[in-house]
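[1] Here is my input, please return the structure:
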Amino acid sequence: MKSCPGFLDRRSWMVLGGLSPLLAARAATTPAPAKSVILIWLSGGASHIDTWDMKPSAPAEYRGPFKPVATAAPGIQLCEHLPYLAAQAKHLAIIRSVTDHGRGTGDHHAGYYYNLTGHAPDTTFHRLLNARTPYPGDWPAMSATVTAKRPPHPTLPSQITLPHKEGAPEYTRPGQFAAILGPRHDPLFVEGTREQPLDFTVPALSLRGDISVPRLLDRRGLSDALDRELFAREIRAADPHVDRAYQLLASSGTRAAFELRREPQALRDRYGPGINAMSMLLARRLVEAGVGFVTVFWKGDKELDTLCKSGGGWDTHGNNFNCLKDRLLPEFDRPFATLLDDLHQRGLLESTLVLVSSEMGRKPRIGDPRSGGKNGAGRDHWTSCMSVLMAGGGIRGGTVLGASDPRAEFPLEHPVGPEDIARTLYYQLGIDDLTHTDREGRAFQLLDGGQILRHIVG
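    From the prediction side, this is the model:
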């Protein structure tokens, strides 16, 4: 197909056409406390033993130099380098016994997949490890399942991922896509940079060249002039959503939802500087506008790749403690605590389920052989035990579920799998029927396992 200058490319049409997900048979939902979800994903694998599951009585080669401190929630302690979050701990449910039950590979791709979908990685992950790319037949991300099972927003996409896709430039991290549900159920991807943290872009909603909205609308009558053999065939396949695409492009409300400069400077200062802080503020704006599921994938810092052997994120193979204390924890603590308080002050926290997760924890014994051993002061991958934070959306704040052993190596009480997290999230959103029917009319369950974590639900 020849390109049409100033117009949308094929992929933009496919994404826009899928922003109003409709399944052949949509399950009815029951009344539920949560209307929206914000997922904060700490890319790389956050160290549970240095943050929200500290072990001050463990041997020094496990516990590290950080000290636990009391929080606003009686009986709950957090790392001393999370002072803002400590003040908001009354909103938190900390699940300290999340495990892959030995079903993972100990590496990133399987961890992404299991924790983002609630489905254990299949044999291809064990064979290919981090060479295992997303497959069309994968299980869908929780965000895609939620979107497919709930009514669409009247003007905005039902799910948005920001400030980037994971695994750029190839986007190889499995678990973040709609997969088996089809590309129409993929999220709208919003891009942001560390250099210009206020200026998010939405490629699929951007008009190319010098085309204006009126010119775009005028071109609706020109579709027959486009390539009928390829382009028109794909548009026809998405025919129920073509009007949806035009509405999104023409809507001032759509564009306004992404304009962070409309927020008072004082509030932006409370969140703090940087792309991850502004991503959390944008997430609040989007759920306030009615978006059902917003995923914030932590945007790494290239400097940390050298300092922490981390790829720029939370994968702290080396220099774990300095990188956490000086960079990662401050960059997370202030904006996340502000997000919780901001949602609470606006009356949105009760209806917004906030989830902090990652693909893994960190190995409790200090010293990764790949990064200088004990002298490198890093922590290797660890999927046998990690922690997940939940807040809002009917979750009981000021609670702890489960416990790890004295060295934070394995669950000691109430082991929880990613499927249990997913099941609980769906339950809080009122999604009880997870049946999906494929194009051939065959019905299957989008999540077979998992138990509702009733100890932390209201």
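[2] what about the helices in the stretch 51-200 of the chain?
    60-63, 83-87, 108-117, 123-128, 142-149 (DSSP state H, counting those that start in this stretch).
[3] Save those as a markdown table, and put in mean pLDDT, distance to Asp405 and mean neighbour count too.
    Bear in mind the C-beta positions are built from the backbone N, C-alpha and C, glycine included. Shown next, in a markdown table, are the helices of the stretch 51-200 of the chain (pLDDT from 0 to 100; distance: least, CB to CB, whole Å; neighbours: other CB atoms under 10 Å):
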| stretch | mean pLDDT | distance to Asp405 | mean neighbour count |
| --- | --- | --- | --- |
| helix 60-63 | 96 | 11 | 14 |
| helix 83-87 | 98 | 24 | 19 |
| helix 108-117 | 98 | 20 | 27 |
| helix 123-128 | 97 | 26 | 14 |
| helix 142-149 | 96 | 28 | 26 |
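[4] Can you redo those helices as JSON lines, where the extra columns are distance to Ile456?
    Output for the helices of the stretch 51-200 of the chain, formatted as JSON lines (distance: least, CB to CB, whole Å):
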{"stretch": "helix 60-63", "distance to Ile456": "26"}
{"stretch": "helix 83-87", "distance to Ile456": "17"}
{"stretch": "helix 108-117", "distance to Ile456": "17"}
{"stretch": "helix 123-128", "distance to Ile456": "29"}
{"stretch": "helix 142-149", "distance to Ile456": "17"}
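[5] For Leu425, which of the ones you listed is the nearest?
    Within the helices of the stretch 51-200 of the chain, the stretch nearest Leu425 is helix 142-149; the backing value is 6.1 Å (CB to CB).
[6] CA atoms only for the closest one - export them in CSV, please.
    Taking Å, rounded to 0.1, in the frame of the first residue of the first chain, the C-alpha atoms of helix 142-149 are listed here in CSV:
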residue,chain,number,x,y,z
MET,A,142,-4.6,-8.3,33.3
SER,A,143,-5.2,-4.8,31.8
ALA,A,144,-6.5,-6.4,28.5
THR,A,145,-8.7,-8.8,30.3
VAL,A,146,-10.2,-6.0,32.4
THR,A,147,-10.8,-3.9,29.4
ALA,A,148,-12.4,-6.7,27.5
LYS,A,149,-14.8,-7.5,30.3
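[7] okay, the angle between that helix and helix 108-117?
    30 degrees (axes from the mean of the first three to the mean of the last three CA atoms, to 10 degrees).
[8] Show me what helix 142-149 is in contact with.
    Around helix 142-149, the neighbours that count as contacts under CB atoms under 8 Å, 6 or more residues apart in numbering are 21, 23, 26-27, 29, 37, 39, 116-118, 140, 158-159, 161, 177-179, 181, 185-187, 292-293, 295, 422, 425-426, 429, 431, 433-434, 436, 446-447.
[9] Now do it: distance to the chain's middle.
    Centroid separation for helix 142-149 versus its chain: 13 Å, with CA atoms, centre = their mean, to the nearest Å.
[10] Repeat that for stretch 31-42.
    10 Å.
[11] how long is it end to end?
    Length of stretch 31-42, first residue to last, CA to CA, to the nearest Å: 31 Å.
[12] Let me see the mean pLDDT of it.
    Computed over stretch 31-42, the mean pLDDT rounds to 94.
[13] One more: stretch 312-328?
    97.
[14] just the CA coordinates of that stretch, formatted as CSV?
    Presented in CSV, the C-alpha positions along stretch 312-328 are these (Å, rounded to 0.1, in the frame of the first residue of the first chain):
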residue,chain,number,x,y,z
GLY,A,312,18.8,1.5,34.3
GLY,A,313,16.0,0.2,36.5
TRP,A,314,15.5,-1.9,39.6
ASP,A,315,17.7,-4.8,38.4
THR,A,316,20.4,-3.9,40.9
HIS,A,317,23.1,-6.6,40.3
GLY,A,318,25.7,-4.3,41.6
ASN,A,319,25.9,-1.4,44.1
ASN,A,320,22.4,-2.2,45.3
PHE,A,321,22.4,-0.1,48.4
ASN,A,322,23.8,3.2,47.1
CYS,A,323,21.6,2.9,44.0
LEU,A,324,18.5,2.4,46.1
LYS,A,325,19.3,5.0,48.7
ASP,A,326,20.5,7.8,46.4
ARG,A,327,18.4,7.2,43.3
LEU,A,328,15.6,4.6,43.0
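[15] ok, the closest residue to Gly167 other than its chain neighbours - contacts?
    Residue nearest to Gly167 in three dimensions, not counting chain neighbours: Arg173, with 3.9 Å by CB to CB, 6 or more residues apart in numbering. Counting by CB under 8 Å, 6+ apart, Arg173 touches His108, His109, Tyr112, Pro134, Lys165, Glu166, Gly167.
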